[in-house]
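[1] The following block contains a protein sequence and its predicted model.
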Amino acid sequence: MTNIVLFENERVDNLYPFSINHCSWEIRCGCLLLFEKYKILQPKARLSFHGRQKWVDSFLKRFEITENLIEYSDTVFLSGNMIADSSFWTMVAESAATRESFLITSKSVPVGFYLKSSNNTISSYIERNNKINLNDNEFSDFEKIEFDSLIQLEYIWDAVFFNGEQINEDAKLTKHFHSLFLSDHHGIFALNPTNIHVGKNVKISPSVVIDATNGMVVLSDNVRIMPQSTIIGPCYIGKNTTIKIGAKIYGENSIGEWCKVGGELENSIIHAYSNKQHEGFLGHSYIGEWVNLGADTNNSDLKNTYGEITMILPDKEVKTGRIFLGLMCGDHTKSGINSMFTTGTVAGVCGILVKEWFLPNYIKSFSWGGKQNSPVYKFEKAVETARLVMARRNKVMLDEEIELLKEEYLRILQ
């Protein structure tokens, strides 16, 4: 393809609490963020982004993207919460060879479209709408083509359940990594070392166990694994991240850049700059950026009744069809020591969560305490704390990031 446009659909708020601060294509699933997968799979295509304007502005600034021109000729428009593999692009090219335009569907749901040449109706629609609804009349005449290989992440917890297979797929794309050379690391125990991929300057202490029998283990540049840790694949650990002494990292985990992780971790995704340094269990969870989980923080990811888990979002409750689900946590939230999250908890951004016994399963953003009736964390104080935390990593909080936090703050005050 010449051009790819990732867009936010009308259901982007389903990705709460991640959607408070992030665009849908920033979801981490596997070793990569979603938009990073497209850059690697289609390196010659121009990649552009369309969505909620303030959120797009923040994304472009944070990732230092200076050009975001949307083209309408030979262009694939795809919902930003989709995962598309190489077979998808082959099928798109084959379909485009004989068609001027068509809708891309997955499980009969429209998730994108292709334009061979500029269409005034469509370009005008996109310019008017930050969120694209492919069920609108402007797309009613498009031929529908089903693409079986697409994966749709409708809710943020969907990424947790596709994470293991995506780690294995993304490992094929990490070309600059090499298989683990046991001669470079003394006193470690590696099972299936050819499936252990490491970047530059990876430090693995003696007595570490890495088991890649059931999936790939990918250790990015400058990762440090401290003694007596166990890592089971599939697993991804991002640049400059430290795994603390005695950590138990079970399968299907992804950990972003500049994190510190210890204790017990199972089938979870942790974004960049977040810490879970100490003992405690985190399972079937999705953790945003700049989160700190205090010592002995634990979450439940299974009801005692083994029943279906219902997740609470700001505007609705969602029956998930899952019996395993943990904590969905927004950016800049912090839990105190000995915090306990109940099964299927949603926590917003900028929370200071210190309630005794189990926290509720829906925690509003800017909660000072975590209770249903806890006071609201004053906006200026929350931003001041966020600035201090980010400065410790030599990062400056952008005005665009503050603006998104303000949007959420005003929402909860309504």
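    Cool, the structure landed.
[2] hey, let's count contacts and neighbours off CA atoms from now on
    Noted.
[3] Gly238 and Cys31, how far apart?
    Separation of Gly238 from Cys31 (Cα to Cα, to the nearest Å): 8 Å.
[4] Ok, Asn338 next?
    30 Å.
[5] same question, Glu94
    Distance from Glu94 to Cys31, counting by Cα to Cα: 29 Å.
[6] Which one's more surrounded, the two?
    Cys31 (31 against 11; other Cα atoms under 10 Å).
[7] close enough to count as contact, that one and Gln166?
    Yes: assessed by Cα atoms under 8 Å, Cys31 is found in contact with Gln166 at 7.3 Å.
[8] now stretch 136-156: how far from the chain's centre is it?
    Between the centre of stretch 136-156 and the centre of its chain there are 21 Å (Cα atoms, centre = their mean, to the nearest Å).
[9] For it, report the contacting residues that lie outside it.
    Applying Cα atoms under 8 Å, 6 or more residues apart in numbering, the external contacts of stretch 136-156 come out as 11, 14-16, 18, 27, 81-85, 87-88, 91, 101-108, 110, 121-122, 125, 159, 286, 328.
[10] mind listing which of those residues are in strands?
    82-83, 101-106, 110, 286, 328 (DSSP state E).
[11] Okay, domains of the chain per the record?
    Listed by automatic domain parsing, the domain ranges of the chain are 3-152, 158-413.
[12] Deepest-packed of those domains, please.
    Highest mean neighbour count among these (mean count of other Cα atoms under 10 Å): domain 158-413, with a mean of 20.
[13] dump the residue contacts of Asn240.
    220-224, 257-259.
[14] Take these and write them to a markdown table, including secondary structure.
    Below are these laid out as a markdown table (DSSP: H, G, I helix; E, B strand; the rest coil):
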| residue | secondary structure |
| --- | --- |
| Ser220 | coil |
| Asp221 | coil |
| Asn222 | coil |
| Val223 | coil |
| Arg224 | strand |
| Glu257 | coil |
| Trp258 | coil |
| Cys259 | coil |
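[15] ranges for the helices of the chain?
    34-41, 53-62, 86-96, 120-128, 158-171, 379-391, 399-413 (DSSP state H).
[16] For Gly30, see how far away the spatially closest residue to Leu115 that is not a sequence neighbour is.
    Using Cα to Cα, 6 or more residues apart in numbering and skipping residues adjacent in sequence, the residue nearest Leu115 is Ser101, 4.7 Å away. Separation of Ser101 from Gly30 (Cα to Cα) stands at 31 Å.
[17] Then Thr297?
    The gap separating Thr297 from Gly30 is 24 Å, by Cα to Cα.
[18] try Tyr16
    Counting by Cα to Cα - Tyr16 and Gly30 are separated by 19 Å.
[19] before we move on, what about Ser274?
    Distance from Ser274 to Gly30, by Cα to Cα: 17 Å.
[20] any weak-confidence spans in the stretch 51-200 of the chain?
    175-176, 182-183 (pLDDT under 70).
[21] change it to 50
    For the stretch 51-200 of the chain, no stretch is flagged by pLDDT under 50.
[22] do the same with the stretch 201-350 of the chain
    Using pLDDT under 50, nothing in the stretch 201-350 of the chain is flagged.
[23] those strands in the stretch 301-414 of the chain, which residues are they?
    For the stretch 301-414 of the chain, the strands defined by DSSP state E, counting those that start in this stretch cover 310-313, 316-319, 327-329, 334-335, 340-341, 345-347, 352-353, 358-359, 362-363, 368-369.
[24] could I get those strands as JSON lines with distance to Gly187?
    As requested, the strands of the stretch 301-414 of the chain are exported to JSON lines (distance: least, Cα to Cα, whole Å):
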{"stretch": "strand 310-313", "distance to Gly187": "44"}
{"stretch": "strand 316-319", "distance to Gly187": "47"}
{"stretch": "strand 327-329", "distance to Gly187": "36"}
{"stretch": "strand 334-335", "distance to Gly187": "36"}
{"stretch": "strand 340-341", "distance to Gly187": "36"}
{"stretch": "strand 345-347", "distance to Gly187": "40"}
{"stretch": "strand 352-353", "distance to Gly187": "40"}
{"stretch": "strand 358-359", "distance to Gly187": "41"}
{"stretch": "strand 362-363", "distance to Gly187": "45"}
{"stretch": "strand 368-369", "distance to Gly187": "45"}
